[in-house]
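Colleague: When you get a sec, could you give me coordinates for this:
(one chain, ligands or ions: 3)
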Amino acid sequence: MRIDGQRLWDSLMELAQIGGTEKGGVCRIALTALDGQGRDLVCRWLREAGCEVRVDDIGNIFGRRPGTEDLPAVATGSHIDTQPTGGKFDGNYGVLAGLEVVRTLNDHNVKTRAPIEVCAWTNEEGTRFTPVMMGSGTWAGVFKSEDMWVRPDLEGKTVGQELAAIGYSGTVPAGPSAGYPAFGSYFEAHIEQGPVLEDADITIGVVLGALGQRWFDVEVTGMEAHAGPTPMPLRLDALLATARLIEAVNRIALSEAPYGRGTVGFMQVHPNSRNVIPGRVKTTVDLRHLDAAGLERMQAALYAAAEEIAGGTRTRLGGIKIDIKLATQFPPCAFEGECVSAVRNAAAALELPTLELVSGAGHDAVYVARKCPAAMIFVPCKDGISHNEVEDARQDHIEAGGNVLLHAMLARAGRV
Ligand code: HGY
Ligand code: MN
Ligand code: MN
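Modeller: Ligands and ions are numbered 1, 2, ... in the order given. Here you go, the predicted model:
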C-alpha cells in the first residue's frame, strides 16, 4: 500500500495559497485570519475524509478516524502556522501527510485496531506569541491553558482574544482526558530544515531527538542623546552594547561546536531615530545545544558577557544596563525507541535509504513525547533552507516520507 503522492502534493500547494507570498513562500502567522482560513480548510478536508474533528481550548485541532478497538490512538500531525518569511512545507507537510495517511486507508478500505488521529497544533512557531510550541506544550501539560490565553503579541492582543476571533477557542480541555487518552504513539513528518540529508543524498531521516532550547528576552538600557554634540567617550549607546552582545552570542555558540547554536533574531531600537544615540534596545537570544550541560555553559557565558559589556561602559552620566530574562526553555529530548524503530523498519521495508540525526529545530513532537512514545520522520529540503520563502522540497521525497509515515503508523495501530 502506498499513499497518493500527487494528492498530497496538490493539497500542500492548495494550502500554501492561504498566506502565499510573491516569492513563493507562506506568511500565515498564528491566530491571524489567514491561520483561521488554513484551519478551516484542514478541518474541511479531515471531515471529508470521514474524521470526527474536535478543537481543544488552546485551539489544537484533532481529526479522529475510528479504530475497531477502544485503544489509545496512533497520532500524527504538526502545525500550519508559519514564520513571517515561512515556506510551504514547514509544519504543513506533517499535517497534510497525516491527512494523506487517512485518505489512503480510506481508499484501500483498511481498518485499524487503534484509532488514527491527525493533529494541527496551535502556534508552534512562537513568532507572534511565546512560548514556542504553545499548543502541543499545553496539551502535554507543560503550560496551563489559562496562562496561555493571556499571552500578548506586540500589539497587546491576547491568544484568547485571537483564538475567539478566528473561531477556534475549543471546548475540549487541552490534554489527555478520559474521553481522549494520551496517544499510544505519535509520529511527525517534517522537512529537515538543514543540509544533512540533502548533502548525504539520503531520502529519510530517522530522528533520534532534538536540541534543547533556551529563549531569552533582553533589554539593553543606555541613554538617548544627540548624535552630534555628544562626544564619543560620553555616550551610553544601547545599540552599540547590543551589537557587542550579538557578537558574544555568536562566539559562545561557535565555542560549543558542533551542536551549539546561538541566534539573535528580533530587535526593537528606541527611539529608532538616525540622529539620536539609541537609549534602549529590546532583543532576543535563542540558545540551543544537544546536552543540558552545554546549555548551562552557554547560558552562563551569555550572562558573563552581558556583565562584562555593561561593566565596560561607564561615563559621568551612568552606565549601560543589560537585563536578561528567560522566556521559555525545554531540555534536549530523545525520541522513544519503539517508535524510532517503527520509522526505521518502515523505511527499510520501503527500501528507502535512511540516516539517523538530531533535530536542530524544535517540533511539537518534542512536547508530545512528554505524554506518549513519539518519533519523527525527516525528508530533505532544497539547500537545507527553511524559515525562508524559498523553502522547497522534492515531490518524490515528500511522497517517500508519507509512505514511511503510513507504514510506521500501521505497524503501531495494527491492521485489521
Ligand atoms: O524554533 C524552532 O525550532 C521551531 O521552528 N519552532
Ligand atoms: Mn516546524
Ligand atoms: Mn518552523
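Colleague: Now do the helices in the stretch 51-200 of the chain.
Modeller: 92-107, 134-139, 145-149, 159-165, 196-200 (DSSP state H, counting those that start in this stretch).
Colleague: Next, the buried residues of the last one.
Modeller: Of the residues in helix 196-200, 196-198 count as buried by neighbour count, 16 or more other CB atoms under 10 Å. (Glycine included, C-beta is placed from N, CA and C.)
Colleague: Same list as before, those that is, but in a markdown table and with pLDDT and distance to G294 included.
Modeller: Formatted as a markdown table, the buried residues of helix 196-200 follow (pLDDT from 0 to 100; distance: CB to CB, whole Å):
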| residue | pLDDT | distance to G294 |
| --- | --- | --- |
| V196 | 97 | 19 |
| L197 | 98 | 24 |
| E198 | 98 | 26 |
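Colleague: out of the residues you listed, which one sits closest to A310?
Modeller: Nearest to A310 among these, counting by CB to CB, is V196 at 38.3 Å.
Colleague: was I right about the closest one contacting S359?
Modeller: No: in this structure, V196 is not within contact of S359 by CB atoms under 8 Å, at 10.2 Å.
Colleague: Would you format the buried residues of helix 196-200 as CSV with distance to ligand 1 included?
Modeller: Converted to CSV, the buried residues of helix 196-200 look like this (distance: CB to the nearest ligand atom, whole Å):
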residue, distance to ligand 1
V196, 15
L197, 17
E198, 18
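Colleague: Show me which of these is closest to L405.
Modeller: Using CB to CB, the buried residues of helix 196-200 come closest to L405 at L197, 15.9 Å.
Colleague: Any residues of the stretch 1-150 of the chain in contact with ligand 1? List them.
Modeller: Within reach of ligand 1 by CB under 6 Å from any ligand atom, the stretch 1-150 of the chain has these residues: 124-126, 132.
Colleague: Of those - the most surrounded one?
Modeller: Neighbour counts for those, by other CB atoms under 10 Å, peak at E124, which reaches 27 neighbours.
Colleague: That one touches D81, doesn't it?
Modeller: Yes: with contact defined as CB under 8 Å, E124 counts as touching D81 (6.0 Å).
Colleague: Find the residues that touch each one of the two.
Modeller: Here E124 and D81 have 30, 91 as joint contacts, going by CB atoms under 8 Å, 6 or more residues apart in numbering.
Colleague: give me the low-pLDDT residue ranges for the stretch 101-250 of the chain?
Modeller: Nowhere does the stretch 101-250 of the chain drop to pLDDT under 70.
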